[in-house]
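Student: Quick one: sequence plus predicted model below, questions after.
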Amino acid sequence: MSTIKASVARKNRSAGRTRVSNPALAEPIRLRGVARAVEVAYDAADLGVVATTTRQSPETATMKPHRFDELFSAYISLASLLCKANDASALMLMLSGPTDWKELRESVDKLRIVVVADTPQELAGAEDAGLATIVQNMADSPVIEKMTQALLTGVAREILTPGDGVVVVYSGFEADVLDSISFIRLDEHLGRLTARDLKQLETSVPLETLKTVVDLAVEIGREGREGKAVGTLFVVGDTRKVLQHCQPAGYDPVKGYTRPERDLDDPRVREAVKEIAVLDGAFIVSPEGIVEKSAQLVDAPYADLTLSKGLGARHWAGAAISKSTNAIAVVVSQSSGTVRIFQNGQVVLRIEPLRQAMKWKDFEYEPPPADE
Ligand SMILES: Nc1ncnc2c1ncn2[C@@H]1O[C@H](COP(=O)(O)OP(=O)(O)OP(=O)(O)O)[C@@H](O)[C@H]1O
């Protein structure tokens, strides 16, 4: 794999891998090669909650309603006990079909309940019963990826806050049967994702340098400077070649400083970078994390590049330099605070400004502007 541009689902997909959770752990234990998915079909009519027709649409054909029986109820009770014990504010259910939403709502006092499924049909009626819903079309993905994506979507849609503890009930062992419960601290989980996803970039830029720059970029996007939003561009790695595409945009504030005085490992240097970020131009960072130059105009060819709609000159410059060299470009958008990481001309990771919630995303592409 030369670049990472697909969703987490594609990267981590592993057929036949089944997982079972230990509620005491933040992340489920992974077991390889355990039981193949067993399909358990319930009679929807028994539930009294689903309107059935004799001819099912493709969406409803795969729907597996969850009977609100003793076992289901026991899992919900256990999960709400676990919420209480851990001060978790939300209970998330990964479902493969509808259940008795009203009964579910009434069986859990005060907790926020979030129900997650692959199609809107599977969650029909849930919102009317006061439940938050997340629909994600990830039927073929392993449950842990679905869960992670659901948590990220929950944060992005402000159903969950990054400081939340969340108890998740899901089918970890057998498909369509709720059999597993996990307790997840969102801030820890989302923080780990940054390191995990960066680790998967196949690049000559050391992970530590990349992580330092990305963390700094996220802080700049989130904090801005003196109440004002700040955008900037970091070009990391392949320094010699990158510098061939650079020219000063104006006065370079790092010029004349010693190497240790430009080392991003030093928190004082990172603070100085936040100040300089308000100026026009890019930071050129070596693989060792030294700021070689700042306030640089980056000029690389745009040919064969496509970018999401609405991204302007800074993002095009980042995309172009990452295509022409082996550098990674980290772009902070002034308008949104979003951090995009470019490799080989494409966005490989997007980090939203709300803490460290990040989202892999399929991007809408459009050709470069005609005058470039
Ligand atoms: N080639 C470049 N190299 C370095 N910096 C650039 C380059 N082009 C633009 N910039 C910087 O980006 C700033 C914003 O430009 P523009 O609004 O077109 O970018 P954008 O991609 O829409 O980013 P933002 O979301 O931050 O507005 C410019 O003021 C300039 O500082």
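Tutor: Noted; the coordinates are in hand.
Student: buried ones in stretch 118-126?
Tutor: Residues of stretch 118-126 classed as buried by neighbour count (16 or more other Cβ atoms under 10 Å): 118-119, 121-126. For every residue, glycine as well, the C-beta is placed using N, CA and C.
Student: So which residues on this protein come close to the ligand?
Tutor: Within the chain, the positions near the ligand by Cβ under 6 Å from any ligand atom are 231, 233, 280-282, 297-299, 311-315, 317, 333-335.
Student: Using the three-state scheme, assign Ala217.
Tutor: helix (DSSP: H, G, I helix; E, B strand; the rest coil).
Student: And the residue of this protein closest to the ligand?
Tutor: Using Cβ to the nearest ligand atom, Gly312 is the residue of the chain that sits closest to the ligand, at 2.4 Å.
Student: OK, contacts around that residue?
Tutor: Listed by Cβ atoms under 8 Å, 6 or more residues apart in numbering, Gly312 has no contact partners.
Student: go on, Leu78?
Tutor: Ile181.
Student: and it, what element?
Tutor: In this assignment (DSSP states H and E), Leu78 forms part of helix 70-86.
Student: Tell me the helix or strand right after that helix.
Tutor: Next helix or strand after helix 70-86 toward the C-terminus (DSSP H and E): strand 90-94.
Student: what does that following strand rub up against?
Tutor: Contacts for strand 90-94 (Cβ under 8 Å, 6+ apart): 76, 79-80, 83, 104, 108, 111-117, 143, 146-147, 150-151, 154, 159-160, 164-171, 178.
Student: List the buried residues in the next helix or strand after that strand.
Tutor: Where DSSP H and E defines the elements, the next helix or strand beyond strand 90-94 is helix 101-107. Within helix 101-107, the residues scored as buried using 16+ other Cβ under 10 Å are 101-102, 104-105.
Student: Now the two most distant members of those.
Tutor: Lys102 and Leu104 (7.2 Å; Cβ to Cβ).
Student: overlap in contacts of the two?
Tutor: Shared contacts of Lys102 and Leu104, defined by Cβ under 8 Å, 6+ apart, are found at Ala129.
Student: Name the residues of the helix holding Leu78 that are buried.
Tutor: Using 16+ other Cβ under 10 Å as the test for burial, helix 70-86 gives 72, 75-76, 79-80, 82-83.
Student: Can you go through the residues of the chain next to the ligand and name the buried ones?
Tutor: By 16+ other Cβ under 10 Å, these give 231, 233, 281-282, 298, 311, 314-315, 317, 333-334 as buried.
Student: among these, which one has the lowest pLDDT?
Tutor: pLDDT across those is lowest for Leu311, at 91.
Student: what sits against it?
Tutor: For Leu311, counting by Cβ under 8 Å, 6+ apart, the contacting residues are 333, 340.
Student: Show me what counts as buried in the lengthiest strand in the chain.
Tutor: As assigned by DSSP state E, the longest strand anywhere in the chain is strand 291-298. Judged by neighbour count (16+ other Cβ under 10 Å), strand 291-298 contains these buried residues: 291-296, 298.
Student: Now do that strand: which elements does it pack against?
Tutor: Applying 3 or more Cβ pairs under 8 Å, 6 or more residues apart in numbering; DSSP states H and E, one finds that strand 291-298 contacts helix 239-243, strand 246-248, helix 267-276, strand 282-285, helix 313-324.
Student: can I assume Val169 sits in a strand?
Tutor: Yes: counting by three-state DSSP, Val169 is found in a strand.
Student: Who does it form a beta bridge with?
Tutor: Leu93, Ile181 (DSSP bridges).
Student: can I assume it is in contact with Ser73?
Tutor: No: using Cβ atoms under 8 Å, Val169 is not in contact with Ser73, being 11.6 Å away.
Student: ok now do the closest residue to Glu275 other than its chain neighbours, which residues does it touch?
Tutor: In space, and not counting its chain neighbours, Glu275 is closest to Arg225: 7.0 Å by Cβ to Cβ, 6 or more residues apart in numbering. Applying Cβ under 8 Å, 6+ apart to Arg225 gives the contacts 274-275, 277-278.
Student: Show the pLDDT at Arg225.
Tutor: For Arg225, pLDDT reads 86.
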